[in-house]
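Participant: quick one, fold the following:
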Amino acid sequence: MNRRCAPAWGVLLLLGCADGTAEAPLDARPPEADFSALDRDPRRDRATNPVDDAAIDGARLDATPDAGSRDAAPDAGPLDSGIDDPPDAQGPDMAPDAGPACPEPAGARCNPIVVGDFPSSLEGDTRAAPAAEIDRYDCAPDTDESGGEVWYRLDIDAPGLLTVRVDDMPGDAIDIDLHLLDAPDPDACVDRDNVALSRMVEPGALWLVADTWVDGAGVARPGPYVIDVDLRPLGAGDCAFDPQPLRMVWRDCDPDLPCRMVDGEAFLDTPALGPVVKEAHLVTVADDFGGGWPAAARDGIAEHYAISQDATGYAMDRTEAWAPEGEGGSEWGQAAFFRPLPLVDEAWYVNMYWRDRPPPGTRMLVHNPENGRTVVGAGGYETGPGSNTAVGGVTEEIHHHLGTTHRDRLIIGFALDPDLPLGPIDCAP
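Facilitator: Numbering: from 1, shown residues only. Have a look, this model is predicted:
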């Protein structure tokens, strides 16, 4: 909700954000009327998911996207958590991208080693690196990378989750860092880490640099390494995402999220991978408070658990309370929707800090890349969390099915099919 943070680890927090970051001040948040459609809104021609009009008195939000057209998402393969045997590192897809204009050996910036098969295992040694040309990258300008580096070009042929991990051994004399670039330029760094990184990617070329870290005493830490690279395509069919940028309320972008600033506004590229908070419960049309709202955090919450489980058929030990009152004038359990939610939608709701809130009930996919589980959620009822360090929030039911908890990393995006049933979905090939 645009007036609250989610409670952490099943404890209701009335002040501040559960992750310790301060939520955006109230005067920084636009009024609900500001959640209007974007002129470039990519969600055009999407059918609005039907909501129980009789139950909510025909309520609709005013931020319905304009009609128009959009390109169909590419038919990527199904989500695949299986790991195949890595290809031969000397095979044709691992050949250097040599060209007549580059006299440098394989692994130089102008002659990167091309990786086109996934998963792949890349073996190298920065003691024999062709150059020590790059000292710093714009994604970590204070980190000294003036040792030798080896360049790779990753040819991505389908949208998916790219994961890269180097065999870092804590305490040894070798320290090789990973840098992912969208151009062969240290100023084009999009992500980096000393052990592992993961990022949603689109088709095209990316550059991966294995660079040698130099410690505070000026001592370089070169040596042999093994880098494992994998690409898990986005789902197809029922599990297909609809990739699109989403305008956010954030004032700036956190570098760990796929966010970019355009004309002073933050845009999150979805589907987005990042921390996802655990949200509190919202009042539904089946909860009986005599036309009002709960009087306290746990007023009637046990009854809510029972009717929710009966309606969804999803059994679990629910522990979260109602969303807190008093922030921006809200009541206990009241969403940014300002009305009780349809019963099943509340069990599987998804929120993000979107400036352009989608229609209520918009189908979204929440995917755990670690175990391959996916849930179809309902967006458009709630807005938040305010911190720009999380991509969104989901109910405790969604976290439970995915095997995750507060601020674990998940993938959230819009479903290509607007009519999917809510709840867990089988995305097996």
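Participant: with adjacent residues omitted, what lies nearest to D144?
Facilitator: V214 (4.1 Å; C-beta to C-beta, 6 or more residues apart in numbering). Any C-beta I mention is one placed from the backbone N, CA and C, and that applies to glycine too.
Participant: right, and that neighbour touches A220 too?
Facilitator: Yes. Counting by C-beta atoms under 8 Å, V214 touches A220, with 4.8 Å between them.
Participant: looking at the protein, which helix is longest?
Facilitator: Using DSSP state H to define each element, the chain has its longest helix at helix 301-312.
Participant: show me what that helix is in contact with.
Facilitator: By C-beta atoms under 8 Å, 6 or more residues apart in numbering, the surrounding residues in contact with helix 301-312 are 281, 283-284, 286-288, 294, 315-316, 318, 321-322, 343-344, 346-348, 397, 423.
Participant: please point out which parts of that helix sit buried.
Facilitator: The neighbour-count check on helix 301-312 (16 or more other C-beta atoms under 10 Å) flags I301, H304, Y305, S308, T312 as buried.
Participant: repeat for stretch 122-134
Facilitator: So, applying 16+ other C-beta under 10 Å, buried residues of stretch 122-134: L122, G124, T126, A129, P130, A132, I134.
Participant: stretch 372-382 now?
Facilitator: For stretch 372-382, the neighbour count (16+ other C-beta under 10 Å) marks G372, R373, T374, V375, V376, G377, A378, G379, G380, Y381, E382 as buried.
Participant: and the residues you listed as TSV, adding distance to V366 and secondary structure?
Facilitator: Converted to TSV, the buried residues of stretch 372-382 look like this (distance: C-beta to C-beta, whole Å; DSSP: H, G, I helix; E, B strand; the rest coil):
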residue	distance to V366	secondary structure
G372	12	coil
R373	9	coil
T374	7	strand
V375	5	strand
V376	8	strand
G377	5	strand
A378	11	strand
G379	10	strand
G380	15	coil
Y381	15	coil
E382	14	coil
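Participant: the lowest-mean-pLDDT helix or strand in the chain packs against which elements?
Facilitator: When the helices and strands of the chain are scored by mean pLDDT, DSSP states H and E, strand 196-201 comes last with a mean of 86. On a contact count with 3 or more C-beta pairs under 8 Å, 6 or more residues apart in numbering; DSSP states H and E, strand 196-201 meets strand 160-166, strand 176-181, strand 189-193, strand 272-278.
Participant: those strands: which one's closest to L231?
Facilitator: The closest of these to L231 is strand 160-166. By C-beta to C-beta, the value is 4.9 Å.
Participant: and the closest one, which strands flank it?
Facilitator: In the sheet, strand 160-166 lines up against strand 196-201 (antiparallel), strand 224-233 (antiparallel) (DSSP bridges).
Participant: pLDDT (mean, whole number) over it?
Facilitator: The pLDDT scores in strand 160-166 average 91.
Participant: got the angle for it vs strand 272-278?
Facilitator: Here the directions of strand 160-166 and strand 272-278 differ by 90 degrees (axes from the mean of the first three to the mean of the last three C-alpha atoms, to 10 degrees).
Participant: strand 160-166 vs strand 176-181, what angle?
Facilitator: Angle, strand 160-166 to strand 176-181, by the same axes, to 10 degrees: 160 degrees.
Participant: what does strand 160-166 rub up against?
Facilitator: Contacts for strand 160-166 (C-beta under 8 Å, 6+ apart): 76, 154, 156, 176-178, 180, 194-201, 206, 208, 210, 225-234, 273, 369, 411.
Participant: next one: the nearest residue to W213 once chain neighbours are set aside relative to W250, how far apart?
Facilitator: Leaving out its chain neighbours, the residue that sits closest to W213 by C-beta to C-beta, 6+ apart is D175, at 4.1 Å. D175 sits at a distance of 33 Å from W250 (criterion: C-beta to C-beta, to the nearest Å).
Participant: follow-up on the earlier one: next secondary structure element downstream of the longest helix of the chain?
Facilitator: On the C-terminal side of helix 301-312, the closest following helix or strand by DSSP states H and E is helix 343-347.
Participant: what average pLDDT does the helix or strand that that following helix is followed by get?
Facilitator: Under the assignment DSSP H and E, the closest C-terminal helix or strand after helix 343-347 is strand 350-351. Averaging pLDDT along strand 350-351 gives 98.
Participant: stretch 305-320 now?
Facilitator: Averaging pLDDT along stretch 305-320 yields 98.
Participant: next, the contact list for the residue nearest to D144, please.
Facilitator: Contacts of V214 (C-beta under 8 Å, 6+ apart): D144, E145, S146, G147, A220, R221.
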